[in-house]
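J.: Have a look; sequence and predicted model below, questions after that.
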Amino acid sequence: MKKNIIFYCLLLFSINNIYAQFDLETALLSFDKKILSDANTAKNTPYLTEKEKQMIFYMNLVRMKPDVFLTKIIIPYTDGQEHEGLPSLKNDLQKAKSIHPLYPHKNLSEAAKYHAEDMGKIGKIGHNSSNGDSFSDRLTKFLKSGGGGSLAENCAYGSEDPLASVIQLLIDNNISSRGHRVSILSSTYFSVGVSIKPHAEYRFNSVQDFSSFKPEIKPNVDVDKKKGIQPPKKIQPPKKRN
């Protein structure tokens with residue numbers, strides 16, 4: 001069967017030195033423990049780094065509890081800052097309904113890793129590979145063994161901090177379609193692959209590849225009788241730059 005492929009060829013540069021420091025651990029306490037557990041779909045995924053797992057975690061939190069993510073994370077995180085895309089983001093999240101989380105997909109993560117490493121080594125930006133392959137060529141190669149449907153890709157440059165990257169993609173400054181935001185908040189997608197790699201020109205670059213492929217979902221239970229349900233390891237509030 002021919003795959004139905006939808007492309008969002010979008011690009012976003014990290015905005016540095018703009019976010020006020022805030023208490024992330026306190027903000028996470030505003031979420032129900034079950035939500036924190038259910039959002040942590042990548043917790044036991046061996047092929048992702050801790051930061052990549054956190055990126056999926058934050059995307060799932062905003063998908064599952066958009067109102068809480070807005071009031072407890074985005075508003076305090078951007079306190080005192082002006083962003084062209086922030087008013088529309090606030091409006092969208094106030095109206096958004098809770099949707100299913102994204103689940104990590106190995107083929108998509110391999111595609112994201114390939115592209116992040118490729119662009120990182122040569123210091124380029126965009127969705128086409130250095131060998132000339134288009135976004136569709138690359139995704140089709142990595143998904144030939146299964147999983148596809150509608151696809152989207154987000155690329156961000158400048159930061160390795162997963163929360164900063166997710167918030168910047170959600171704000172989506174000066175992108176008329178708000179396509180990065182649409183990809184993260186769309187109920188069309190069930191699977192995601194992410195990668196964060198060094199970049200020769202912009203320090204770091206991250207790639208998020210989305211698919212409408214529905215994975216076999218297993219219960220995600222992470223309960224410690226003494227500590228309760230835990231968010232991903234090593235989550236640190238972003239440091240304020242001088």
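T.: Good, I have the coordinates.
J.: Out of the helices and strands in the protein, which is least certain?
T.: strand 223-224 (a mean of 34; mean pLDDT, DSSP states H and E).
J.: Buried residues, the lengthiest helix in the chain. List them.
T.: Longest helix of the chain, by residue count under DSSP state H: helix 106-122. Buried residues in helix 106-122, counted by 16 or more other CB atoms under 10 Å: 106-120. All C-beta atoms are positioned from the backbone trio N, CA, C, and that covers glycine.
J.: Residue 27: which element?
T.: Following DSSP states H and E, one finds residue 27 within helix 24-28.
J.: residues of that helix that come out buried?
T.: 24, 27, 28.
J.: got it, and stretch 85-102?
T.: For stretch 85-102, by 16+ other CB under 10 Å, it's 85, 86, 89, 90, 92, 93, 96, 99, 101, 102.
J.: Which of these sits closest to residue 168?
T.: Taking CB to CB as the measure, residue 168 sits nearest to residue 85 out of the buried residues of stretch 85-102, at 9.2 Å.
J.: could you check the distance from residue 58 over to residue 93?
T.: The gap separating residue 58 from residue 93 is 13 Å, by CB to CB, to the nearest Å.
J.: can you pull out the strands in this structure?
T.: For the chain, applying DSSP state E gives strands covering 12-13, 103-104, 151-157, 191-199, 203-211, 223-224, 228-229.
J.: mean pLDDT for those strands: which is lowest?
T.: Among these, strand 223-224 carries the lowest mean pLDDT, at a mean of 34.
J.: Could you double-check that residue 48 sits in contact with residue 104?
T.: Yes: the pair residue 48 / residue 104 is scored as a contact, 6.3 Å apart, by CB atoms under 8 Å.
J.: Now do the shared contacts for the two.
T.: 42, 56, 194 (CB atoms under 8 Å, 6 or more residues apart in numbering).
J.: pLDDT value on the nearest residue to residue 163 once chain neighbours are set aside, please?
T.: In space, and not counting its chain neighbours, residue 163 is closest to residue 58: 5.4 Å by CB to CB, 6 or more residues apart in numbering. With respect to pLDDT, residue 58 scores 98.
J.: Please tell me how far residue 58 sits from residue 149.
T.: With CB to CB as the criterion, residue 58 and residue 149 are 24 Å apart.
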